[in-house]
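**Student:** sequence plus the predicted model coming up.
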Amino acid sequence: MGIEFIHRVIKTSLVVSVILFVCVTFYYDFKFGSGILAGCGWSCLNLYFLTNLIKEALGAQKPKNTKIALIILVKFPLLYLLGYFLLRTDYFPVLSLLSGFTLIFVVIFLKALGRWIISISAEKQSSLGSLEKKSKG
Amino acid sequence: MTYQIALALTLPIGLAIAAIGSAFGLGRAVSAAMEAMGRQPEAATRIQTGMIIGCALLEALTIYALVTVFILQGKIS
């Protein structure tokens, strides 16, 4: 489980948010659907910048100060300001923004659950295989 | 005391408590991760990924508190 896990989580969340946007727009409301999309997009950007910041600051190679400063400058004032404006515009319902924001954590949880279930089943299979070998031997 | 005054008094305190709790959590998580990376450099990528997810979750808790404050702030006036 490396950094590529987080990149996959971001991609999956974006795909799920687009699907949710289409479904919610079709069955409920366009504003609510676009709020989910906006919230998820904001959350994905936030996680992307956080990942890059930690990777740059704590990675194996020598940290580049300009890149770290640029990430901090984009993440903290600009991205948070964007979130503030998303909340203050009153165009998107707050619940939809929060649902979109939470979506990425749901994806992380489900992916982790999937990996756990796969590891359990792999362990069971390996133990069954070793038992069969013992019984044959 | 009307509920507006109660809100005006408690919202900043609640947000401050959430921010302080989140800061302590982040500090502990990152320090434990750095310690673990120092002990086991071969597992650094796994530890880093776990730390990033933990940081994102902790940050999300503060953002939830912030959003709640923004929503309730509109009810003060």
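**Tutor:** All right, it came through fine.

**Student:** assign A:Ser13 to helix, strand or coil.
**Tutor:** Classification of A:Ser13 using DSSP: H, G, I helix; E, B strand; the rest coil returns helix.

**Student:** count of residues packed around it?
**Tutor:** Neighbours of A:Ser13 under the rule other Cβ atoms under 10 Å in any protein chain shown: 23. C-betas here are computed from N, CA, C, even on glycine.

**Student:** chain B contacts on chain A?
**Tutor:** A:1-3, A:5-6, A:43, A:46-47, A:50-51, A:54-55, A:58, A:60, A:83, A:87-88, A:94, A:97-98, A:101-102, A:104-105, A:108 (Cβ under 8 Å from any Cβ of the partner chain).

**Student:** give the buried residues for stretch B:20-31.
**Tutor:** Neighbour counts using 16 or more other Cβ atoms under 10 Å in any protein chain shown place B:22, B:25-26, B:29-30 of stretch B:20-31 among the buried residues.

**Student:** also stretch A:20-37?
**Tutor:** Using 16+ other Cβ under 10 Å as the burial criterion, the residues of stretch A:20-37 that qualify are A:20-21, A:24-25, A:32-37.

**Student:** tell me which of those is nearest to chain B?
**Tutor:** Proximity of those to chain B (Cβ to the nearest Cβ) peaks at A:Gly35, which lies at 12.5 Å.

**Student:** what's the neighbour count on the nearest residue to the closest one once chain neighbours are set aside?
**Tutor:** Once flanking residues are discounted, A:Gly35 sits nearest to A:Ser96: 2.8 Å by Cβ to Cβ, 6 or more residues apart in numbering or on different chains. Residues near A:Ser96, counting by other Cβ under 10 Å, number 23.

**Student:** isn't A:Ser96 up against A:Phe30?
**Tutor:** No. At 10.5 Å, A:Ser96 and A:Phe30 do not qualify as touching, with contact defined as Cβ atoms under 8 Å.

**Student:** tell me which helix or strand the spatially closest residue to A:Leu58 that is not a sequence neighbour sits in.
**Tutor:** Take A:Leu58 and drop its neighbours on the chain: the residue closest to it by Cβ to Cβ, 6+ apart is B:Gln48, 6.4 Å away. Using DSSP states H and E, B:Gln48 sits within helix B:44-73.

**Student:** so what does that helix touch, helix or strand wise?
**Tutor:** Where contact means 3 or more Cβ pairs under 8 Å, 6 or more residues apart in numbering or on different chains; DSSP states H and E, helix B:44-73 is packed against helix A:3-27, helix A:30-58, helix A:80-88, helix A:94-136, helix B:3-39.

**Student:** just the ones you listed: most buried one?
**Tutor:** Highest mean neighbour count among these (mean count of other Cβ atoms under 10 Å in any protein chain shown): helix A:30-58, with a mean of 20.

**Student:** which strands or helices does that helix pack on?
**Tutor:** Helices and strands touching helix A:30-58, by 3+ Cβ pairs under 8 Å, 6+ apart, are helix A:3-27, helix A:65-73, helix A:80-88, helix A:94-136, helix B:44-73.
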